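Q: sequence and predicted structure, then a few things I'm wondering about:
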Amino acid sequence: MALETTTMTMTQDPILKVEHLSMRFGGLMAINDFSFEAYRGDITALIGPNGAGKTTVFNCITGFYKPTMGMITMKQKSGKEYLLERLPDFEITKHAKVARTFQNIRMFSGMTVLENLLVAQHNKLMLASGYTVLGLLGFPAYRQASREATELAKHWLEKASLIDRADDPAGDLPYGAQRRLEIARAMCTGPELLCLDEPAAGLNPRESHALNELLQGIRSDTGTSILLIEHDMSVVMEISDHVVVLEYGQKISDGTPDFVKNDPRVIAAYLGVEDEEVEQVIEQIEEIEGGQGGTKQ
Amino acid sequence: MANIASTTASAGTEVTARALRESVFAGLITLGLFVLFVGLKTDQNIRNELILTQRWGLLAIFVIIAMVGRFLMVAYVQPRLAQRKAAKAAAPEVAKEESFFSRNFSTIAILALILYPPVIVALTGVQGSLKWVDNFGIQILIYVMLAWGLNIVVGLAGLLDLGYVAFYAVGAYSYALLSTYLGLSFWVLLPVAGLLAACWGVVLGFPVLRLRGDYLAIVTLAFGEIIRLVLINWTEVTKGTFGVSGIAKATLFGIKFDASKDGFAALMGLPISSVYYKIFLFYLILGLCLITAFVTIRMRRMPIGRAWEALREDEIACKSLGINTVTTKLTAFAMGAMFGGIAGSFFAVRQGFVSPESFVFLESAVILAIVVLGGMGSLTGIAIAAIVMIGGTEILRELDFLKAVFGPNFTPELYRMLIFGLAMVVVMVWKPRGFVGSREPTAFLRERKAVSGSFTKEGHG
């Protein structure tokens, strides 16, 4: 009961609304009429079998692909709304305050860990340096801003427990630390929605536990909403408040982790079913859909 | 004890025996390789008949060089290297205290450059110093400035630009044409030339924004050629291949460097000589170089400089952090072009004559070679590379004694490119990331640690 009421209150404040999103690559319909909402302050997980189109959804949200159809609305705390499918890629981070990480880590490997975090504060510093002109002439405003930027970087380095490696090249960090650095770097842009593409991929259990703590810390300290793609079910079930399941570009389930875990369609999508059980599963599905339809009305 | 001594002795003889064996092999291979190339030469005699000249002496020299070289290599150099490697592996690396020289390298270098003209004048006399100040000083410094300008585009932003000489040409012609047609002074036109070149940098930048790597390189190459062909063919304005001559000289606060009554020499009470103008130009280009270095160093610590380097490392990550890659690329092109343009207008004022001949592709290649050889992104490395490459070719002109060895027809300048290429291969094998391969971080929390070259990327356009 308690769970339901919390979801009810959150329903009132979606931070990201994806409506009828479709993405076609030539003859392939990678995403087909996909709609979901992510709520403010929630950790929303997007899961699905390999090739389901999760990363494509991410790329549409963060502007790396322009969707064939559909609307993606980002609603900020201030009430400002942005239609992400219309913004050029860099403005999605700059104005709409959506930051992302990548499935295959993209570090500035030849720059130090600290520099990586300073690059992330580019727009803020650019303004403070008067688009380089005032900074070049040595105005104190830039020095002040640059000190503040270093402080912010230090804050996130401590959160990601990377402070001891701050002056080392990012390419020199072990894999798990690079994952954490990428999250810290995304947080330095000051986002309201953080999109993580498989943050736990390739991490050992201890590292993925540390990651859980980092993500929960981010949510509780900054109120940043998180949208993540993940295969590691221990991460998904432990930290997410809301799970959306995608298969062949279509949504097959949407709800709390417990609901999704027991959804026969999800089980069928992940594990597959024996031939003789197909009928049974379809029946079950129809039953559930009937039930859902009832509650909706 | 005796036992150990005898083993080392036997090891010694073993090495010598192996060295002898290998030197014989090397000699045989050389003989086989060169017997037809060097030993025999086809020639024609006075009756226009094809004859074979035999050059056994020369062949013998080749074989002996190969044998001796191989012997020395196996008997002495290789054991020494192995020994050194073993000693290095045995002794743990001790953190070396930086010497006074390496800590204050740039200050010492700048002081040396400032003192260079008076020292040269004192050593070689007023007239003798002309060559040293002009050919070595000014010539090298122009290339230092050009390479530092290109370094912004190639070394920092990672955009491979093969047409950099176009901006050099724009700067040179801006000064040449505007001063001849409008009579404006050098000091006004210096920033104007820089701005015009920067505009052309943006003009080039726009179409190539979407291109990366090889494609970008080819388009920039074409751009360089377009500028040169325009200069050749737009004869009404540029006078085509004849070039623009009689370009006004620079003045020092209105004082002219000529033989007139109120010229520099007369005012200072010095004997009339062209050296003063050259020394003035030396300090001028030195000042321009220092401004370039200052701006580059300052820019690297600005958000825009960090964005350039981030762009070199990973463009997609840049976009995901809200960096406008379009303006970032364009500013890199514009900044690089501006310094190229300023260097170009200096070139025009120094020569007093510009023609499209000076802005061929080879110049772009030389400037790029200096940047790569010096270590992309490193100002010190690039300056050293410019001294080696440009100073090296100038020194070749001075090596008259080689005529005594190779005969009176030998002109060392002709071997410039050969030696140039050889030097590049050697340096790239020995230091694949250039003279200074490591990268200086722009910010640090506790200590400034240089980033090893193995982590930095070269960029892909």
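A: Okay, I see it.
Q: burial measure for A:Arg206, as a count.
A: As a burial measure, A:Arg206 scores 9 neighbours (other Cβ atoms under 10 Å in any protein chain shown). All C-beta atoms are positioned from the backbone trio N, CA, C, and that covers glycine.
Q: what about it, distance to A:Asn212?
A: Applying Cβ to Cβ, to the nearest Å, the value for A:Arg206 to A:Asn212 is 11 Å.
Q: cool, A:Arg143 as well?
A: Taking Cβ to Cβ, one finds A:Arg143 at 38 Å from A:Asn212.
Q: more crowded one of the two?
A: Taking neighbours as other Cβ under 10 Å, A:Arg143 and A:Asn212 compare with A:Asn212 leading, 18 against 13.
Q: look at the more buried one and report its pLDDT.
A: Per-residue confidence (pLDDT) for A:Asn212: 86.
Q: could you do the one 4 residues further on as well?
A: Among the per-residue scores, A:Gln216 holds a pLDDT of 86.
Q: who does the helix or strand encompassing it touch, helix- and strand-wise?
A: A:Gln216 belongs to helix A:205-222 when assigned by DSSP states H and E. Contact partners of helix A:205-222 among helices and strands, from 3 or more Cβ pairs under 8 Å, 6 or more residues apart in numbering or on different chains; DSSP states H and E: strand A:43-47, helix A:140-159, helix A:175-187, strand A:225-229, helix A:233-239.
Q: distance to chain B and mean pLDDT added to the ones you listed, as CSV?
A: Converted to CSV, those look like this (distance: least, Cβ to the nearest Cβ, whole Å; pLDDT from 0 to 100):
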stretch, distance to chain B, mean pLDDT
strand A:43-47, 17, 87
helix A:140-159, 7, 85
helix A:175-187, 7, 89
strand A:225-229, 14, 89
helix A:233-239, 22, 81
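Q: test my guess that B:Val38 contacts B:Phe62.
A: Yes. Counting by Cβ atoms under 8 Å, B:Val38 does reach B:Phe62; the two are 5.9 Å apart.
Q: what residues are up against A:Leu16?
A: A:Leu16 makes contact with A:Glu37, A:Ala38, A:Ile61, A:Ile72, A:Thr73, A:Met74, A:Lys75, A:Val98, A:Leu193, A:Ser225, A:Leu227, according to Cβ atoms under 8 Å, 6 or more residues apart in numbering or on different chains.
Q: so how many other residues sit close to the third one?
A: Other residues within reach of A:Ile61 by the criterion other Cβ under 10 Å amount to 26.
Q: that one touches A:Ile72, doesn't it?
A: Yes. Counting by Cβ under 8 Å, A:Ile72 is a contact partner of A:Ile61 at 5.7 Å.
Q: now do the shared contacts for these two.
A: Shared contacts of A:Ile61 and A:Ile72, counting by Cβ under 8 Å, 6+ apart, come down to A:Leu16, A:Val18, A:Leu84.
Q: list just the nearest of these to chain B.
A: Nearest to chain B out of these is A:Leu84 (Cβ to the nearest Cβ; 13.3 Å).
Q: which pLDDT value does the model give the closest residue to the closest one other than its chain neighbours?
A: Among residues not flanking A:Leu84 along the chain, A:Ile72 sits closest, at 4.2 Å (Cβ to Cβ, 6 or more residues apart in numbering or on different chains). Note for A:Ile72: predicted pLDDT of 85.
Q: next one: phi and psi at A:Ile72?
A: Per-residue torsions, A:Ile72: phi -120, psi 120 (degrees, to the nearest 10).
Q: how many neighbours does it have?
A: Neighbour tally, A:Ile72, other Cβ under 10 Å: 24.
Q: on that earlier part again, dump the contacts of A:Leu16 to CSV, plus secondary structure.
A: Compiled in CSV, those are given as follows (DSSP: H, G, I helix; E, B strand; the rest coil):
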residue, secondary structure
A:Glu37, strand
A:Ala38, strand
A:Ile61, helix
A:Ile72, strand
A:Thr73, strand
A:Met74, strand
A:Lys75, strand
A:Val98, strand
A:Leu193, strand
A:Ser225, strand
A:Leu227, strand
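Q: most neighbours of all these, which one?
A: A:Val98 (30 neighbours).
Q: for the closest residue to B:Leu221 other than its chain neighbours, grab phi and psi.
A: Closest residue in space to B:Leu221, ignoring its immediate chain neighbours: B:Leu162 at 4.0 Å, by Cβ to Cβ, 6+ apart. Backbone torsions for B:Leu162, taken as degrees, to the nearest 10, come to phi -100, psi 0.
Q: picking that back up, how about the residue nearest to A:Leu84, what does it touch?
A: A:Leu16, A:Lys17, A:Val18, A:Glu19, A:Leu21, A:Cys60, A:Ile61, A:Leu83, A:Leu84, A:Glu85.
Q: just the ones of those residues in strands?
A: Those of the contacts of A:Ile72 mapping onto strands are A:Leu16, A:Lys17, A:Val18, A:Glu19, A:Leu21, A:Leu83, per DSSP state E.
Q: end-to-end on stretch B:180-193?
A: Using Cα to Cα, to the nearest Å, the end-to-end distance of stretch B:180-193 comes out at 14 Å.
Q: tell me the buried residues in it?
A: B:Phe186, B:Leu189, B:Leu190, B:Val192, B:Ala193 (16 or more other Cβ atoms under 10 Å in any protein chain shown).
Q: quick one, what contacts the third one?
A: Spelled out, that is B:Leu190. If you count contacts by Cβ under 8 Å, 6+ apart, then B:Leu190 has B:Tyr175, B:Ile342, B:Ser345, B:Phe346 around it.
Q: then B:Ser106?
A: B:Ser106 neighbours (Cβ under 8 Å, 6+ apart): B:Thr380.
Q: now the helix or strand hosting it: mean pLDDT?
A: Of the helices and strands defined by DSSP H and E, B:Ser106 is found in helix B:105-131. Mean pLDDT, helix B:105-131: 81.
Q: check which element follows that helix along the chain.
A: Past helix B:105-131, the next helix or strand by DSSP H and E is helix B:139-151.
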